[in-house]
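In: pasted the sequence and its predicted model underneath.
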Amino acid sequence: MSNRTVIVVGAGPGVSGSVARKYATEGWDVGLVGLHEDALTTLGEELQQHGTQVGWASADVTDPEALARAVTRLAEHTGRVDVLHFNPSAFRGKTPLELSVDELLSDVALGVGALLTSLQAARPFMSEGARVTATGSQAADAPDPGAASLGVQKAGLRNLVRSIDKSLRKDGIRAVSVTINGVLKPKEPLSPFHPENVAGAIFAAAQQSGEEWRDEIPYDG
């Protein structure tokens, strides 16, 4: 029987890479989907050196067909998806008066719509007990007007995660977003907002079960 498998969408440095490492240390197989082949290779080879079964596929997450192919390819290799983790978001430094509708919709396609594509591709490989997790942000509740699209993305992502949870819980599949209420500090290993510590909170969120399940968990460090 194959190991449990996590697919990390939007994989690369930062929180997504830390999520992949956390699952690897717990003995899971890991699939990585991201835009940049070099970053995927670096992360994938790092995990392989520690004995993890890992595969990766490069895809633009705003291209539904390419993203679906990448997720399906990785899922077919292991035959199962126990956790689908979604990490992407677009940062665009524009205020509501500067942001165009096309730019907003493009960012939402990346930060929200790509979760739909990922889920629909992974769903045939998910069974009872599988989980969907997503990297949320305080921007959903306290948007920075200088990066207006980010708050829209994160609010939309949280709403979509809740819809996924309600839709799939009858099948024993649950979804949760982890709202990071702080600024990431990748150069401060002891900080609760170091990506490795945030990844631990995301991993813990997926371990919820039963009536205690929450579809959103705030992470305050």
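Out: Here it is on my side, so go on. All values derive from a computational prediction rather than experimental measurement. Numbering: from 1, shown residues only.

In: who's in contact with the most centrally placed residue in the chain?
Out: Geometric centre of the chain, nearest residue: residue 86, 1.8 Å, by C-alpha atoms, centre = their mean. By C-beta atoms under 8 Å, 6 or more residues apart in numbering, residue 86 lies in contact with 9, 10, 114, 115, 118, 132, 133, 134, 135, 157. Any C-beta I mention is one placed from the backbone N, CA and C, and that applies to glycine too.

In: again with residue 32
Out: Residue 32 neighbours (C-beta under 8 Å, 6+ apart): 7, 8, 11, 20, 40, 43, 44, 54, 55, 56, 57, 74.

In: 7 Å instead?
Out: Going by C-beta atoms under 7 Å, 6 or more residues apart in numbering, residue 32 touches 8, 11, 20, 40, 43, 44, 54, 56.

In: tell me if it really is in a strand.
Out: Yes. Assignment of residue 32 by DSSP: H, G, I helix; E, B strand; the rest coil places it within a strand.

In: now the top helix by length along the chain: average pLDDT?
Out: Using DSSP state H, we find that the single longest helix of the chain is helix 148-168. For helix 148-168, mean pLDDT is 98.

In: now do the buried residues in it.
Out: For helix 148-168, the neighbour count (16 or more other C-beta atoms under 10 Å) marks 148-158, 160-161, 164-165, 168 as buried.

In: and the residue sitting furthest away from the middle of the chain, what does it touch?
Out: Distance from the centre of the chain peaks at residue 97, with 29.6 Å (C-alpha atoms, centre = their mean). Listed by C-beta under 7 Å, 6+ apart, residue 97 has no contact partners.

In: that one: what secondary structure?
Out: Residue 97 ends up coil, using three-state DSSP.

In: and the pLDDT for it?
Out: 98.

In: ok, residue 1 next?
Out: 42.

In: the one 3 residues further on now?
Out: Here, the pLDDT recorded for residue 4 equals 96.

In: flag every buried residue along the helix or strand that contains residue 74.
Out: Using DSSP states H and E, residue 74 sits within helix 64-78. Residues of helix 64-78 classed as buried by neighbour count (16+ other C-beta under 10 Å): 64, 66, 67, 68, 70, 71, 72, 74, 75, 78.

In: which one of the residues you listed is nearest to residue 144?
Out: Nearest to residue 144 among those, counting by C-beta to C-beta, is residue 67 at 27.3 Å.

In: that closest one: what's it in contact with?
Out: Here residue 67 is in contact with 59, 61, 114, 117, 118 (C-beta under 7 Å, 6+ apart).

In: now the first one: phi and psi?
Out: Right, residue 59. phi -160, psi 150 (degrees, to the nearest 10).

In: picking that back up, between the buried residues of helix 64-78, which is closest to residue 103?
Out: Using C-beta to C-beta, those come closest to residue 103 at residue 64, 19.1 Å.

In: which ones are touching that closest one?
Out: Counted by C-beta under 7 Å, 6+ apart, residue 64 has contacts residue 117.

In: for it, give its distance to residue 118.
Out: According to C-beta to C-beta, to the nearest Å, residue 64 stands 10 Å off from residue 118.

In: could you pull out the strands for this protein?
Out: Here the chain has its strands, by DSSP state E, at 5-9, 29-34, 54-58, 83-86, 131-137, 174-180, 216-219.

In: with that, I have no additional questions.
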